[in-house]
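Undergrad: Here's my sequence, what's the structure:
(one chain, ligands or ions: 1)
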Amino acid sequence: MSYNNWEDLKNDCKACRRCGLCETRNNVVVGVGNPNSRVMFIGEGPGQNEDLQGEPFVGRGGKLLDKMLAAVHLDRNKNIYIANIVKCRPPQNRDPLPEEQEQCSVWLKAQIELIKPKIIVCLGRIAAMKMFKEDIKITREHGQFFERDGILYMATLHPAAILRNPNSKPAAFQDYLNLQAKISELCPETYDELLN
Ligand code: URA
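TA: So this is what the prediction gives:
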């Protein structure tokens, strides 16, 4: 499926019944951010708070994510776009099944086609495996950039994992510093007040 405008994409995504997760969801969590941004963040899937509010990363992990973003001058409402591999909450926050990820991939592909990101940051192992490296070792390879089809991908630790293991915070934060440097090199307009 290919879209040339966001309204159609959002409406179709919100009406999706391509997998069983539609039976238990409260909201389809399409994504949030500035579609003119060249920097995308991709998580795994909505949790309980996201399912109730219809926005990605709005729980405790989301607060931490926003803080780390702010430290490198990134803001979900201004200069990045955030989405998930699956748009509906898996029951009991289990990992999304391969079949659910596959069915949902039409939406993420359409989002990527519209945004044309230069950089995609994967939040956690599941997103990184699906997006660019099936056998990623996230503890060793987070913070590194990998090129695939003209897009630079980086995995960083999932905010929920940092909350579980606060000792990992400095290492995770270094990823955001690496990202800031890469953005300045590839798409400095991200930091332009006038990014519309
Ligand atoms: N975890 C994710 O991977 N995505 C969200 O939107 C929330 C929590």
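Undergrad: Enumerate every residue touching the residue most central in space within the chain.
TA: By Cα atoms, centre = their mean, the chain has its centre lying nearest to Ile42, at 1.6 Å. Contacts for Ile42 (Cβ atoms under 8 Å, 6 or more residues apart in numbering) come out as 82-85, 108, 120-123, 127, 131. (Each C-beta comes from the backbone N, C-alpha and C, glycine too.)
Undergrad: ok, now Asp95?
TA: Counted by Cβ under 8 Å, 6+ apart, Asp95 has contacts 44, 126.
Undergrad: before we move on, back to that, quick one: the residue nearest to the centre of the chain and the ligand, what's the gap?
TA: To the ligand, Ile42 is 8 Å away according to Cβ to the nearest ligand atom, to the nearest Å.
Undergrad: Just give the strands next to whichever helix or strand that residue is part of in its sheet, each with its orientation.
TA: Ile42 belongs to strand 39-43 when elements are defined using DSSP states H and E. Here strand 39-43 is paired, per DSSP bridges, with strand 81-84 (parallel), strand 119-123 (parallel).
Undergrad: Take those and write them to a markdown table, including mean pLDDT and distance to Leu97.
TA: A markdown table is the format used below for those (pLDDT from 0 to 100; distance: least, Cβ to Cβ, whole Å):
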| stretch | mean pLDDT | distance to Leu97 |
| --- | --- | --- |
| strand 81-84 | 98 | 14 |
| strand 119-123 | 98 | 18 |
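Undergrad: will you turn these into TSV that also has distance to Asn5 and mean neighbour count?
TA: Output for the strands paired with strand 39-43, formatted as TSV (distance: least, Cβ to Cβ, whole Å; neighbours: other Cβ atoms under 10 Å):
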stretch	distance to Asn5	mean neighbour count
strand 81-84	15	24
strand 119-123	22	25
